[in-house]
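Colleague: Please find the sequence and the predicted model below.
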Amino acid sequence: MAASQLLSIDDQLVTPDNPPRTDLDGMDQSRCAALHNYLVDLCLAADADGQIDAAAAGQGRGATYFSTHGDAAEAVRSRLHPSLAAFLAAARHPDAPLFYFVDCMPLPNDDEFTGLFDNGTADNEDEPEDSIVRLYLSHMDACDGKGGGGMLYHQRRHLACFFVHPDDTELAFPVDEHPQSWHPLETILSNWIDLIRLGKVTISPTDQPALYGGVKIGNWEWRPYGDGQIAGCVAAWHRLCDAIEVRRRQIHGATIDPDDSPSPHEPLLTPAAMDAAQIPNPSFARAFLSLARRPQHIRQIAPGLSLPPADTEAFAAAQPFTHLPRRVPQWDGRTVREGIVPPVYLFFSEAGAPPVDISGWRSAFRGHWTDGHGAVPEGIAFPSRVPPGVYSECVVRSEPEATEEGFRLLLPFSLYGAHLSSGKEIQDQAADELFQHGFKPFGGDPHRPQRLEQLLGHWAGLVERGVWAVGPRGVMGSVEVFEDAKVDWGSYAIPSSW
């Protein structure tokens, strides 16, 4: 049965118009159970040989946490907040991974890594006994081989947070100091369902292989990008361009000479330019550059950062990475890293801007072209310095959490004092962390990059609020303006999301 045949869950999803309730003493157990059971039903639908009873599934029939674990679960019921106990009584016990990051539900005991109660974390973080409950265990294959993590639920605050590894708890405790890391459970479950609808996470029969030979967790596959992400990123780009154009006209009028302006329907790059630059086809970067329109009067879309040149030869010649090999032999002489999708230089720095040193081990890109022991094999001309600007993320599509829709903003200076979305202060020498996530409370590797869509939307907000000045040709200033993040880090951190 197709997912479209399941009973609609739209009225339960957390959206700006349907936020979590704040008038409850505890979890919104019916809403959370409905969202949880919808994910269970998607797995049933994916693997069903024939029709399954969608109406019965929607009513939550089947084994629950308490019926599955019997007396052992009943023995700990009194240690659970009544609303959490009601959730576990209504949420069906999954026979397969509930989601890409999730392996299973824990056992009703106090085991440090697999039990329902995480009193070790509660004790370490000076939280009351039994206040921290582990609702889901993380899946090691999705979490880069790291075990012992999962979804922690705070029984006193009724908020949840997903940890890839137990060591990550320092990024979310004390709770009062990390409010961006804790969310109602229904918010996190809604976020996961959004990923499915975007096409970022897809669901299929368990025995169906993943696209590009990627990692598959039960029915769940994390795709390098989804069609919905392309549309969202293009919309964010047009919002940014429109915001700049509105400010430009308000301040300077419409007096720009249009003689050298592009057609209003011209894309950022033509297929010929992308072919010359060896941009993979298909790829997220290629789809975005071909669908995003080139603005008629705007050249500078952020401080010191401009549109990519429309000229085919100029664009291709400026690319530092796309000519590199897509297969790299490893040190053992028997294995090869292959399927590399190289970074694409998207938004260019002004002429004369100092280059960025990417030769060190902290570089987000260099590791993809090493031999597994940190060295770049002989014959691969990996650059040591590249121009500042926005680059698409480098990925190997077969690896967990491949994120082609991600970006890296390379800057020629460090940004001590600026903050990641998680609230953690930027400390690395490599200047490619500005606007990045850090810890991800909805699940995922802390090093997975932020989405380009989020960056463009955030920049549009900076223009709309007047944080960035706009001149006749677009946003004013040089790349040094980004050093404002050291003191005004609130304007240079994107709110936490997936």
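Modeller: Here it is on my side, so go on.
Colleague: When you work out contacts or count neighbours from here on, use the C-alpha atoms and nothing else.
Modeller: Will do.
Colleague: and the lengthiest strand in the chain, what does it pack onto?
Modeller: As assigned by DSSP state E, the longest strand anywhere in the chain is strand 132-138. Secondary-structure packing of strand 132-138 (3 or more CA pairs under 8 Å, 6 or more residues apart in numbering; DSSP states H and E): strand 102-104, helix 119-124, strand 150-154.
Colleague: Let's see that with 6 Å instead.
Modeller: In terms of contacts (3 or more CA pairs under 6 Å, 6 or more residues apart in numbering; DSSP states H and E), strand 132-138 is packed against strand 102-104, strand 150-154.
Colleague: Give me the contacts around whatever helix or strand comes next after the last one.
Modeller: Just to be clear, that refers to strand 150-154. Heading C-terminal from strand 150-154, the first helix or strand you meet, by DSSP states H and E, is strand 159-163. Contact with strand 159-163 is made by 149-153, 182-185, 441-443, as judged by CA atoms under 6 Å, 6 or more residues apart in numbering.
Colleague: coming back round to it: run the chain-centre distance for the longest strand of the chain.
Modeller: 21 Å (CA atoms, centre = their mean, to the nearest Å).
Colleague: going forward, begin numbering at 32 instead of 1
Modeller: In the new count, where the first residue is 32, that last one comes out as strand 163-169.
Colleague: so where is this protein shaky, pLDDT-wise?
Modeller: Residue ranges of the chain with pLDDT under 70: 32-36, 80-92, 175-179, 285-294, 392-393, 459-461.
Colleague: for the stretch 232-381 of the chain, what spans make up the helices?
Modeller: 258-283, 302-307, 315-322, 343-348 (DSSP state H, counting those that start in this stretch).
Colleague: and those helices, which is most packed in?
Modeller: helix 315-322 (a mean of 21; mean count of other CA atoms under 10 Å).
Colleague: which strands and helices sit next to the strand or helix carrying C63?
Modeller: According to DSSP H and E, C63 maps onto helix 60-78. Helix 60-78 sits against helix 113-121, with contacts defined as 3+ CA pairs under 6 Å, 6+ apart.
Colleague: now for the helix it packs on, which elements pack on it?
Modeller: When contacts are defined as 3+ CA pairs under 6 Å, 6+ apart, helix 113-121 packs onto helix 60-78.
Colleague: try 10 Å
Modeller: When contacts are defined as 3 or more CA pairs under 10 Å, 6 or more residues apart in numbering; DSSP states H and E, helix 113-121 sits against helix 60-78, helix 96-105, strand 163-169.
Colleague: got the angle between the host helix or strand of A491 and helix 258-283?
Modeller: In this assignment (DSSP H and E), A491 forms part of helix 483-495. Orientation note: helix 483-495 sits at an angle of 20 degrees relative to helix 258-283 (axes from the mean of the first three to the mean of the last three CA atoms, to 10 degrees).
Colleague: Give me the distance between helix 483-495 and the centre of its chain.
Modeller: Averaging C-alpha positions (CA atoms, centre = their mean) puts helix 483-495 16 Å from its chain's average.
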